[in-house]
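S.K.: Provide a 3D model corresponding to the input given below.
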Amino acid sequence: MRHQNKKITLGRKTAGRRSLMANLAESVILYEKVKTTKAKAKAVQSVVEKLVTKAKQNNLTARREIMKQLYTENAVKKLMEQLGKKYADRKGGYTRVTVVKNRVGDGAEEAIIEFV
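M.R.: This is a model prediction of the structure:
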């Protein structure tokens, strides 16, 4: 039984899923708007929300925790300097997922994840 198991696997093993989430999170942070499938958007939403909450602390410990999850310094810098300050007064709900349409090739539901 799957009681209390909230992990979204997306049909991938741990390493592939971690890489996918890190890449998608970086794209959302850098471009502030990304078009992907609905399942991936909903999965990466919680990752991005937690990163923004850490960035709001604006200290060295928070920067190091964020650097563990993201790959490039550009994303960490933007998160700490711009997005952390932008959402300093907001308690949560930094991103929104909007379902747009089904993809032509395989019929997958597409969605846009963006910052509010």
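S.K.: Give me the distance between the most centrally placed residue in the chain and K91.
M.R.: For the chain, the residue nearest the mean C-alpha position is V48 (3.2 Å; Cα atoms, centre = their mean). Distance, V48 to K91, using Cβ to Cβ, to the nearest Å: 15 Å. (Each C-beta comes from the backbone N, C-alpha and C, glycine too.)
S.K.: which stretches of the protein have low pLDDT?
M.R.: Within the chain, not a single segment meets pLDDT under 70.
S.K.: Which parts of it are strands?
M.R.: 33-37, 95-102, 109-115 (DSSP state E).
S.K.: wait, doesn't the residue nearest to the centre of the chain sit right on T95?
M.R.: Yes. Taking contacts as Cβ atoms under 8 Å, V48 lies within contact range of T95: 5.5 Å.
S.K.: Need the overlap of contacts for those two.
M.R.: Listed as contacting both V48 and T95 by Cβ atoms under 8 Å, 6 or more residues apart in numbering are 28, 113.
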